[in-house]
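S.K.: take this sequence and fold it.
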Amino acid sequence: MQDLNETITALTGAFGEFKAAQTSRIDVIEKQLEQDATVAAARQMGNFANTTPASKFQAHFAAKPDFQASNETITTADFLRGVAGLKTSSAVKAALSEGTGTAGGYATPSKLMPTILDAMVAQSAVLNAGAQVQLVDAKTVTLCAVDAVPVAGWRAESGNVVESDPSFRAIVSIPKSLSFYFKVSRELLMDALGLDLALTTAISQSMALAIDRAALIGSGVGVEPLGIAGTAGVHQIASGVNGASLSGYGKLFEATQSILGASHPMPTGLICSPRELVKLGGLTDTAGQPLQTPAMLAGVNRFATAQLPVNGTTGTSSDTSQMFLGTFNNMALVLREQLFVGRFEQTFATTGEIAFVCHCRADIAVLRPQAFAVVSGIRA
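M.R.: All right, here's what the predicted structure looks like:
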């Protein structure tokens, strides 16, 4: 009888070990299947190297351990409730337990980052125009740019091959700090309908607008990245000593010719202020009829951003702006992977508000300056 009891005990223990092992294996398999499904969905949208930003973000973060640790969806509202110490989901609590803490803010969970980045792309003129997004996990990253391509030459049979070296350039990018804070009442944070979309929009749009300004007209001085306008090698097209109003597409043709003349492809994007975009759309001919876009420029997508000022000084004029023409995949937003969110302790306690500090690190890299042209001195 004793032998039978020992046998039953041994079998029970072995079965428990087997069950635990198989449960662990099933968890691993399910996580891998989820990751594979995400990547497969990205591939179905086209070549994986050229998928839409949304699919690339999802595929990138799907490989992160904290993404795979939970099947729960994490929303912006749930995350901020957790940062504020309010009631939130178990997935957010698990993510916060691994965060930096209140001293440096909490790292945004990988489950949430694609949502914020997708929203940021949707609200950025530069990213909509095709600029790359390079997600990095390093304080410094080196990007390779091409200033000139090799020149091929015809040769006779057994003849010498023409030697022509490409001109490569290393761009050392050091992501810089970009921060802002906003306030939300405790009641709104806990009870408001549509709060998640509102918070996601507020955070992503703030980042998108700052990125647009830096990518186009950033000074490169101090903590600000260097944008297209100040980058050496970018074609500069002036509109006269004192500037001039848009009366046709002449300056855009001039800008296009400068880009094509430097052996770069036909521009695909135009970014300007809302004032200039509306002015282009409202151009008329001598009979007062709407002026059609010339066929050569019909494939150039137009985007507007209010981050381009319309009160610039050109000679005696103080109402001028700029237009940016180019192939925007020749520039990159270098972005550290994580957005950090913290809260101000006690600062707004008497008003019942909670203040959140958002912090990320980013830089701008213009990979092929001659693929861009800036038309300046455009008057109202």
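
S.K.: how many other residues sit next to G130?
M.R.: The local packing of G130 (other Cβ atoms under 10 Å) involves 17 other residues. Where C-beta positions appear, they are placed from N, C-alpha and C, glycine not excepted.

S.K.: wait, doesn't it sit right on P267?
M.R.: No. Using Cβ atoms under 8 Å, G130 makes no contact with P267, being 10.6 Å away.

S.K.: name the residues contacting each of these two.
M.R.: By Cβ atoms under 8 Å, 6 or more residues apart in numbering, G130 and P267 have these common neighbours: T327.

S.K.: was I right about E98 contacting K64?
M.R.: No. Between E98 and K64 there is no contact under Cβ under 8 Å: 11.3 Å.

S.K.: where do the helices of the stretch 1-150 of the chain begin and end?
M.R.: 2-44, 53-62, 65-68, 76-83, 90-97, 113-122, 125-128 (DSSP state H, counting those that start in this stretch).

S.K.: compare E98 and K64 (neighbour count), which wins?
M.R.: Shown here are E98 and K64; by other Cβ under 10 Å, K64 has more neighbours (16 against 13).

S.K.: chain center to the strand of greatest length in the chain: distance?
M.R.: If you go by DSSP state E, the chain has its longest strand at strand 353-366. Using Cα atoms, centre = their mean, to the nearest Å, the distance from the centre of strand 353-366 to the centre of the chain it belongs to is 12 Å.

S.K.: same deal with stretch 210-227?
M.R.: 14 Å.

S.K.: quick one: low-confidence ranges for the stretch 101-250 of the chain?
M.R.: Low-confidence segments of the stretch 101-250 of the chain (pLDDT under 70): 101-104, 165-166.

S.K.: let's see that with 90 instead.
M.R.: 101-105, 137-139, 144-171, 186, 190-194 (pLDDT under 90).

S.K.: quick one: the strands in it?
M.R.: Counting by DSSP state E, counting those that start in this stretch, the stretch 101-250 of the chain has strands at residues 106-107, 132-136, 141-148, 167-173, 176-185, 235-238, 244-245.

S.K.: most tightly packed of those?
M.R.: strand 106-107 (a mean of 21; mean count of other Cβ atoms under 10 Å).

S.K.: mind giving me the domain ranges of the chain?
M.R.: 1-51, 64-380 (automatic domain parsing).

S.K.: residue contacts, the closest residue to I228 other than its chain neighbours?
M.R.: Leaving aside its sequence neighbours, I228 sits nearest to F372 (Cβ to Cβ, 6 or more residues apart in numbering; 5.2 Å). Applying Cβ under 8 Å, 6+ apart to F372 gives the contacts I228, T231, V234, H235, I259, F324, L325, G326, T327, N330, M331, V366.

S.K.: buried deepest among the domains of the chain, which one?
M.R.: Each of the domains of the chain was scored by mean neighbour count; the highest is domain 64-380, a mean of 17, by mean count of other Cβ under 10 Å.

S.K.: so how far is it off the chain centroid?
M.R.: With Cα atoms, centre = their mean as the basis, domain 64-380 stands 6 Å off its chain's centre.
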